[in-house]
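Chemist: Compute the structure for the input listed below.
(2 chains)
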Amino acid sequence: MTLLQFFARHHREIFQGTLEHIWLVGIAMLLAVGIGVPLGIIVAKRPWLSKPILGGANIAETIPSLALFGFLLPVPWLGGRADRLAIAALALYALLPIIRNTAAGITGVQHAVRDAARGMGMTERQILLQVELPLSFSTILAGIRIATVLTIGIATIAAAVGAGGLGEFIFRGLAMVNNQLILAGAIPAALLALGADAVLSLLERRLRPVRA
Amino acid sequence: MPNNSSGNSNTPSNVSAADASATAIELRNVSYNLPNGRSLLHDLSLTVENGETLVLLGRSGAGKSTALKLINRMLELSGGEIRVEGKSTIDWDPIALRRHIGYVIQEIGLFPHYTVEQNISLVPRLEKWPEDRTRARVAELMKLVGLEPAKFLHRHPHELSGGQRQRVGIARALAADPPILLLDEPFGALDPLTRGELQREFQELEQLIRKTIVLVTHHVGEALLLGSRIGVIEAGTLVGLYTPKEFLAAKEPVAAGYVANLRMYPNEEGDL
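Modeler: Below you'll find the predicted structure:
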């Protein structure tokens, strides 16, 4: 049986797995953006908090992914369901690039622009919302893009704790020494990553601020 | 004490007693230290009268820009007091104080993601002016600073020349019609020809707008051209305060040094 025939025969399961994968990554990314962007703003604005926040995110990043799923298992609400557990772990992985790029975008706004904004009598909040965030939008989006691509890859490991997704095929294929089964997980995952990268890159270029 | 050589000692005190509101800005024994303790300004005292243009002249790092930033509370005083329209700056809400004072810096600091129109209308929009009033004001200001609205309204800063950008910077500072204007080396980053053009135009503008202006520069010609008085700052304090005419005849070594420097160029005086 060729690979194409295999894909044709199992397209329903593969499609199902892909949807699960997108769901895991999508929710994890929403969480990571919701937490990471505010944390990035804090890192940029409150230097004394930048070390603990970046340090924490760095540590999460260095834990091997399989181990991280294991560590989260005993956590009361999270450990109870495989998809919650997987989403939490993926969100933790996605945090660092988002925090870092948000902070870099904001601290990268030219001093003169910030000085002028303050001198014109804008409040800190107005400066953040009307000047700093719009000017760092494409940098933040680059962080989100990197995190998304990373998370799509790592999400295949979520199948190890029974969270489903394309990893399911990879693990089954490994157990059964069936390359076609492995590829049924790996190829759609790679295409997802490439697709996400392409779409987000395009958005990033569109939103790149004009230079002063 | 500033070496104020004008008139006898009775006249100034009589004037200030009779008309206290003539003073727009008053600096009293102002000092500013960096967090590491280094002193940038010490014991600086001077007054800026309503409607005059006071130029602070001094070398780079003398503390001129710091003095400006203390007036609009971009920096907080380490000692002394600054009164703006009779009220101490610490009693002003800093946001209200800054919206009351136009501010122009050498690097201009236009918002790169805003059009010319949006940049100029910044403070009116923050102050929630009605839209038609804001629009009319933007058009009026653009004409005032010599930018044709139809051509420049929707351009972004990166589509403008340095001189055009600084015109927008000046228009932005004037937008909400603040009675006071602080200019920090406004023409410093421009090439000599553009600088000269803008200086001459600004001189006309001064007559038109009648603001209280404090302008910081290290360019003697600019000080003489635009200033009604010139305060010489050296190593963080005021070493002399002159009218342009007095400045040219000053005996005090720093001022005399500037004048000597000016005379080094044979034709520079014609350019004053």
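Chemist: Can you pull the residues of chain B lying near chain A?
Modeler: B:72, B:74, B:95-100, B:103, B:105, B:107-113, B:122-123, B:126, B:156-158, B:169, B:172-173 (C-beta under 8 Å from any C-beta of the partner chain). Any C-beta I mention is one placed from the backbone N, CA and C, and that applies to glycine too.
Chemist: Which ones among the residues you listed lie within strands?
Modeler: When those are checked against strands (DSSP state E), the matches are B:103, B:105.
Chemist: Buried ones in the host helix or strand of B:Glu204, by neighbour count?
Modeler: B:Glu204 is part of helix B:192-209, with elements assigned from DSSP states H and E. Within helix B:192-209, the residues that qualify as buried are B:194-196, B:198-199, B:201-202, B:205-206, B:209, counting by 16 or more other C-beta atoms under 10 Å in any protein chain shown.
Chemist: how about the CA coordinates for that helix, as CSV?
Modeler: Extracted C-alpha coordinates of helix B:192-209, given in CSV (Å, rounded to 0.1, in the frame of the first residue of the first chain):
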residue,chain,number,x,y,z
PRO,B,192,22.6,74.8,7.7
LEU,B,193,20.4,76.0,4.8
THR,B,194,17.2,74.4,6.1
ARG,B,195,18.1,75.6,9.6
GLY,B,196,18.5,79.1,8.4
GLU,B,197,15.2,79.0,6.6
LEU,B,198,13.3,77.6,9.6
GLN,B,199,15.0,80.1,11.9
ARG,B,200,13.9,83.1,9.8
GLU,B,201,10.4,81.7,9.5
PHE,B,202,10.3,81.0,13.2
GLN,B,203,11.3,84.6,13.9
GLU,B,204,8.2,85.7,11.9
LEU,B,205,6.1,83.1,13.7
GLU,B,206,7.2,84.5,17.1
GLN,B,207,5.7,87.9,16.2
LEU,B,208,2.5,86.2,15.1
ILE,B,209,1.8,83.8,17.9
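Chemist: the helices in the chain, which residues?
Modeler: No chain was given, so I picked chain A. A:3-9, A:11-45, A:47-62, A:65-72, A:76-79, A:82-107, A:111-119, A:124-126, A:133-154, A:167-176, A:179-207 (DSSP state H).
Chemist: switch to chain B, that's the one I care about
Modeler: According to DSSP H, the helices that chain B contains are B:10-18, B:64-71, B:94-99, B:116-120, B:122-126, B:131-144, B:149-152, B:162-174, B:192-209, B:220-226, B:244-248, B:253-263.
Chemist: Tabulate these in a markdown table, adding columns for mean pLDDT.
Modeler: Formatted as a markdown table, these follow (pLDDT from 0 to 100):
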| stretch | mean pLDDT |
| --- | --- |
| helix B:10-18 | 41 |
| helix B:64-71 | 95 |
| helix B:94-99 | 96 |
| helix B:116-120 | 96 |
| helix B:122-126 | 96 |
| helix B:131-144 | 95 |
| helix B:149-152 | 94 |
| helix B:162-174 | 94 |
| helix B:192-209 | 90 |
| helix B:220-226 | 93 |
| helix B:244-248 | 93 |
| helix B:253-263 | 88 |
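Chemist: show me what contacts the residue of chain B found nearest chain A?
Modeler: Nearest to chain A, among the residues of chain B, is B:Gly109, at 2.8 Å (C-beta to the nearest C-beta). Applying C-beta atoms under 8 Å, 6 or more residues apart in numbering or on different chains to B:Gly109 gives the contacts A:110, A:112-117, A:119, B:169.
Chemist: Now it. Nearest residue, chain neighbours left out?
Modeler: A:Ala116 (2.8 Å; C-beta to C-beta, 6 or more residues apart in numbering or on different chains).
Chemist: from memory that neighbour sits against B:Gln106, does it?
Modeler: No. If you go by C-beta atoms under 8 Å, A:Ala116 and B:Gln106 don't touch, sitting 10.9 Å apart.
Chemist: Neighbour count for those two, which is higher?
Modeler: A:Ala116 (25 against 19; other C-beta atoms under 10 Å in any protein chain shown).
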